[in-house]
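Asker: Turn this into a model:
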Amino acid sequence: MVASSLYRRLDRCPVLPALAAIATMGVLTSSSGMAATSKIGRTWPIAEPDALSEIEGRAAHVPDMKSAFGPRANWSAMKAATLGIAQADRARTVVPFYTLDSDIRLPDGKLLYARGYSFNPLAYVSLPQRLIVVHPRDLAWALRTARPADFILLAAGSPGDPDAITLGERHGRALFLLEERVKVRLGLTVAPVIVAQTGQKLMLTEVDRSKTDRRATR
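Answerer: A predicted model of the protein is given here:
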């Protein structure tokens, strides 16, 4: 009777579950430590080459891009779209409507959307980051203005300006070229301009850099 009563009291003791958990952790830790230093069954050496060594080996045989294609300034892929220079602070909105250039059909052939159908992508998706579009000469301002998640796009600069790759390596930040189709799609005309989503529209904030420079010197 005494033993039975004692057992019931211990069974109701809230400390027992914690002790049981600690004991279980000890067993698992011991087992994990043994498994990490033990061999079970037959083993074979790894036949595949080290991934990093393979990448380095392949990279060593990549032809020099400059000798193969000439200076980066002459590459068509490095040609950015041209924009004028903002002469005044101005804000305007654009709705980036998209028009289908072909029919969209379901797998069974049923027409879902016909060619010529227009819609606003911002009604379905959001643009969490801003786009800051500048000429290379205003890159320092863009770097100060941009948030970590913002994209910086470079419009065509003056002859002799470093290319986007060089500037990105110099400042330690990814930079992108402004493509002509993006320029048209967003309705861009001048730079610097900050593009941000407001509801189902894009807000384009054009910045007169001459004014910002004068305010900075005061």
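Asker: Now for the residue nearest the centre of the chain: which residues touch it?
Answerer: The chain has Ala149 as the residue nearest its centroid, 7.5 Å off, counting by C-alpha atoms, centre = their mean. Ala149 is in contact with Pro128, Gln129, counting by C-beta atoms under 8 Å, 6 or more residues apart in numbering. Just so you know, the C-beta spots here come from the backbone N, C-alpha and C atoms, and that holds for glycine as well.
Asker: Which strand or helix spans it?
Answerer: Using DSSP states H and E, Ala149 sits within no helix or strand.
Asker: Kindly provide the distance from it to Glu179.
Answerer: 20 Å (C-beta to C-beta, to the nearest Å).
Asker: same question, Pro159
Answerer: Counting by C-beta to C-beta, the gap from Pro159 to Glu179 is 20 Å.
Asker: Equivalent analysis for Arg144, please.
Answerer: Taking C-beta to C-beta, one finds Arg144 at 25 Å from Glu179.
Asker: more crowded one of the two?
Answerer: Using other C-beta atoms under 10 Å, the more surrounded residue of Arg144 and Glu179 is Glu179, with 13 against 7.
Asker: got a list of what that one touches?
Answerer: Taking C-beta under 8 Å, 6+ apart, one finds Ala80, Ala81 in contact with Glu179.
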